[in-house]
Every structure is written in C-alpha cells, then in structure tokens.
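J.: this one's structure only:
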C-alpha cells in the first residue's frame with residue numbers, strides 16, 4: 001500500500017439512511033470496519049429511545065457527497081455543490 005494516498009471520506013448508510021461518516025484509504029477498508037465493528041456498536045445505541053439499527057440492518061458504504069463533507073468539516077465551503 002502506498003502511504004502517499006490520502007484518506008477519503010465515506011458515508012455508511014443503514015437501511016438507506018446516511019448514519020455514519022468515516023475516513024479510510026480505500027472503500028474496502030471502510031467496508032471491513034462495517035463488517036467487524038459498526039453493526040454491533042450501532043445496535044446498542046439509541047436516538048430518542050429508538051435503536052439506530054438492529055442486527056438485520058443492511059449497510060452500504062459509499063463515498064461521501066460534497067455536502068456531507070462540508071457538514072463534517074472536511075471540504076471547504078467554497079467548493080460545496082448545492
């Protein structure tokens with residue numbers, strides 16, 4: 001692996017809803033994180049008393065949009081696409 005590669009920002013959708021953003025060098029690295037840790041962690045967390053997901057949830061990893069990157073603070077606002 002070339003250490004010069006920068007990290008990309010990925011969004012993880014849980015049941016079609018953008019839920020988590022993370023940085024990784026490759027899409028596969030982000031997918032491994034989902035497979036190994038994220039589903040178990042999210043199934044224990046709640047929002048307003050409702051679990052973020054259950055163990056049967058579907059997860060999809062994709063590159064974050066420019067708008068998501070701006071929200072997270074990883075993209076300059078002047079480069080944001082509306």
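T.: Cool, the structure landed. Small disclaimer: the values here were computed from a predicted structure and weren't measured.
J.: Report the contact partners of residue 58.
T.: Applying C-beta atoms under 8 Å, 6 or more residues apart in numbering to residue 58 gives the contacts 14-16. For glycine as for every other residue, the C-beta is placed from the backbone atoms N, C-alpha and C.
J.: should've said residue 14
T.: Contacts for residue 14 (C-beta under 8 Å, 6+ apart) come out as 20, 42, 52-53, 57-59.
J.: Closest one to residue 6 out of these, please.
T.: Using C-beta to C-beta, residue 20 comes nearest to residue 6 of the contacts of residue 14, at 19.9 Å.
J.: so that closest one bridges to which residues?
T.: Applying DSSP bridges to residue 20 gives these bridge partners: residue 12.
J.: That one touches residue 38, doesn't it?
T.: Yes. If you go by C-beta atoms under 8 Å, residue 20 and residue 38 touch, sitting 6.7 Å apart.
J.: And the contacts of residue 14, which of them are buried?
T.: Applying a neighbour-count criterion of 16 or more other C-beta atoms under 10 Å, the buried members of the contacts of residue 14 are 20, 42, 52-53, 57, 59.
J.: Mind checking which of those are in helices?
T.: residue 42 (DSSP state H).
J.: Helices along this structure, start to end?
T.: Using DSSP H, helices in the chain cover 27-33, 39-42, 66-72.
J.: ok so, going back, got TSV for the contacts of residue 58, with distance to residue 46 too?
T.: Formatted as TSV, these follow (distance: C-beta to C-beta, whole Å):
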residue	distance to residue 46
14	13
15	15
16	19
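J.: Can you tell me which of the residues you listed lies closest to residue 47?
T.: Looking at the contacts of residue 58 and their distance to residue 47, the nearest is residue 14, at 11.5 Å (C-beta to C-beta).
J.: starting at the chain centroid, how far to stretch 9-23?
T.: Offset of stretch 9-23 from its chain centre (C-alpha atoms, centre = their mean, to the nearest Å): 3 Å.
J.: tell me which residues in that stretch are buried?
T.: By neighbour count with 16+ other C-beta under 10 Å, stretch 9-23 contains the buried residues 9-12, 14, 19-22.
J.: Kindly report the same for stretch 38-51.
T.: Result for stretch 38-51 [16+ other C-beta under 10 Å]: buried residues 38-39, 42-43.
J.: Cheers, nothing more for now.
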